[in-house]
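J.: Need a 3D model of the sequence below.
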Amino acid sequence: MTIPALDHSTTRYSLEHAYWMGRAAGLASLDPDGIETQARAWGFGEVRHFASTHRMPFPIEDTQAYVMASDRMIVVGFRGTEVTQIRDWLTDVNTPPVPGPGRKGFVHFGFHQALRSVYPQLRDTVLELRDRGQSLWFTGHSLGAALAMLAAAQLYFEEPRLLADGVYTYGQPRTCERLLADAHDKAFADRCHRFVNNNDIVPRLPPEPVYTHVAALRYFDAHGKLHDALPLLATLRDRAKGVGNDLFAPETDAIKDHHLDNYLSALEKNLANAR
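T.: Below you'll find the predicted structure:
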């Protein structure tokens, strides 16, 4: 199936845009030359890269992000990390949360540290490049999903005129506690889209009740069909079905479902079925 090119004029949710924001999330895993080459092929004339190389108190050595801008659209993308790596430190319940963006509620310390290492340069770049009232989008997968959500929130809570047009996350872990989630949901109503693929293990970490999710769930079932939401019992039945479909897979369903390629494949399937 041929998917239409990225529409730089869009300002609202669509399946096509969800697909392209997923591609943009994956772009963050490339080296700077690879990011720049692809971004320019997509019509973005300005590309900036951000990286920190200090060691954090988790097995994540750096944070990487980029900003790409055209005359109509700005996209901020954050790099994810391997599922086994992020799972290890998200299961550490001994790290207390710290104050979140705009002092609204609390956030996981690891996410706070990872974002803080690049946020000032990222914010200044968005302020510099947004000189034509371009739409503003944040995206990320896995760790990058948490950072995309937090960066958009911090930018808005500090600069209310910089409310993002959309935040698209894929396989996002629980990032904050209820106070921050509520403030985020109020500010980003109909602008945040949190995609979860069936048995993906990362959205179930860190454990409740300390950490929770922001709203706006968009859930792929075991057959790849996209739902705005499913009742709890239906979700549990669907997860069991997903496991049953992969009893002899080389990796568990919970890890396989986290791969960004599988999110993109599910989006492509739903786009094909919608035509």
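
J.: May I have the secondary structure class of Val196?
T.: Secondary structure, DSSP: H, G, I helix; E, B strand; the rest coil: Val196 is strand.

J.: continuing past the helix or strand bottoming out on mean pLDDT in the chain, what's the next helix or strand?
T.: Within the chain, no helix or strand scores below helix 232-244, which has a mean of 54 by mean pLDDT, DSSP states H and E. Counting by DSSP states H and E, the next helix or strand C-terminal to helix 232-244 is helix 253-256.

J.: what mean pLDDT does that next one have?
T.: Mean pLDDT, computed over helix 253-256, is 82.

J.: and it, what does it pack onto?
T.: Here helix 253-256 touches no other helix or strand, going by 3 or more Cβ pairs under 8 Å, 6 or more residues apart in numbering; DSSP states H and E. C-betas here are computed from N, CA, C, even on glycine.

J.: pull the CA atoms of the next helix or strand after it into CSV?
T.: Using DSSP H and E, the helix or strand that follows helix 253-256 towards the C-terminus is helix 260-274. C-alpha atoms of helix 260-274 as CSV (Å, rounded to 0.1, in the frame of the first residue of the first chain):
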residue,chain,number,x,y,z
LEU,A,260,8.6,0.2,16.9
ASP,A,261,8.5,-1.7,13.6
ASN,A,262,5.5,-3.6,14.9
TYR,A,263,3.7,-0.4,15.8
LEU,A,264,4.4,0.9,12.3
SER,A,265,3.1,-2.4,10.8
ALA,A,266,-0.1,-2.1,12.8
LEU,A,267,-0.6,1.5,11.6
GLU,A,268,-0.1,0.4,8.0
LYS,A,269,-2.6,-2.4,8.4
ASN,A,270,-5.2,0.0,9.8
LEU,A,271,-4.5,2.5,7.0
ALA,A,272,-5.1,-0.3,4.4
ASN,A,273,-8.3,-1.4,6.1
ALA,A,274,-9.6,2.2,6.2
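
J.: Number the chain from 741, please
T.: Renumbered: residue one is now 741, and that last one reads helix 1000-1014.

J.: Helix 1000-1014 - what's its average pLDDT?
T.: Rounded mean pLDDT across helix 1000-1014 is 95.

J.: and what of stretch 896-908?
T.: Mean predicted lDDT for stretch 896-908 stands at 95.

J.: Equivalent analysis for stretch 911-926, please.
T.: The average pLDDT within stretch 911-926 is 95.

J.: where along the stretch 741-890 of the chain do the helices fall?
T.: 755-767, 772-781, 823-830, 849-856, 859-869, 883-898 (DSSP state H, counting those that start in this stretch).

J.: Could you point out which of those sits nearest Arg843?
T.: helix 883-898 (8.3 Å; Cβ to Cβ).

J.: buried sites along the closest one?
T.: Using 16 or more other Cβ atoms under 10 Å as the test for burial, helix 883-898 gives 883-897.

J.: Quick check: next helix or strand after that helix?
T.: With elements assigned by DSSP H and E, the helix or strand that comes after helix 883-898 is strand 906-910.

J.: what's the angle between the helix or strand following that next one and strand 906-910?
T.: Remark: after strand 906-910, the chain's next helix or strand is helix 918-927, criterion DSSP H and E. For helix 918-927 against strand 906-910, the angle by axes from the mean of the first three to the mean of the last three Cα atoms, to 10 degrees is 130 degrees.

J.: For helix 918-927, which helices and strands make contact with it?
T.: Counting by 3+ Cβ pairs under 8 Å, 6+ apart, helix 918-927 packs on strand 846-847, helix 883-898.
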